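Colleague: Please work out how this folds:
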Amino acid sequence: MAKAILNQESVSLIDDAMEQCIYTDYFQGKRGGVSLDFTGFKGTFVRRGHIVIHKPGEVDSHKPMPVTADFGTYEALPAGYNYYGFCINGHNKGEVANGVGVRGNRNPRAFNATKGYYDVTAILPALKTALPLVTFLGDND
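Modeller: Here you go, the predicted model:
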């Protein structure tokens, strides 16, 4: 189980305007946020808009969607996990506390793997099915 340590020094991962283009409107999230389990995660950080997954029926099973490496691509959804939402703030791997948006607007056209914003195009149909309260910009904008 991941445990949040809330008294660490802040680290800014914002280095460009892309941060505000990914998850553009936050309407609702998991109350209290989650402690992400980074076990087996190949990256060193997550950014705003990173996919969060979980194992239904298992407490504290929230994880960042696996990636091939920093600045790589999303891997396949692990067996037994479902898409849950999107990180609403970025942080390094050791900082597990995170807000998770489950209702809002996500821009699938805004991505830049060289800065850690991963392309969701290949899994967009599955995300739309799993996250019906998220509007994926480009559909209705």
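
Colleague: List the contacts of residue 52.
Modeller: 34, 36, 62-65, 83-87, 98, 100 (C-beta atoms under 8 Å, 6 or more residues apart in numbering). Using the backbone N, CA and C atoms, a C-beta is placed for each residue, glycine as well.

Colleague: Tell me which residues touch the residue nearest to residue 123 when sequence neighbours are not counted, please.
Modeller: Spatially, and ignoring its direct neighbours in sequence, residue 123 is nearest to residue 74 (6.7 Å; C-beta to C-beta, 6 or more residues apart in numbering). Residue 74 makes contacts with 51, 65-68, 118-120, 122-123, as judged by C-beta under 8 Å, 6+ apart.

Colleague: Now do the strands in this protein.
Modeller: 23-29, 34-35, 45-46, 51-54, 63-64, 82-87, 91-92, 97-98, 100-106, 134-136 (DSSP state E).

Colleague: can you tell which of those is closest to residue 114?
Modeller: strand 45-46 (13.7 Å; C-beta to C-beta).

Colleague: Give me the packing partners of the closest one, helices and strands only.
Modeller: Secondary-structure packing of strand 45-46 (3 or more C-beta pairs under 8 Å, 6 or more residues apart in numbering; DSSP states H and E): strand 91-92.

Colleague: What is the neighbour count of residue 56?
Modeller: Neighbours of residue 56 under the rule other C-beta atoms under 10 Å: 9.
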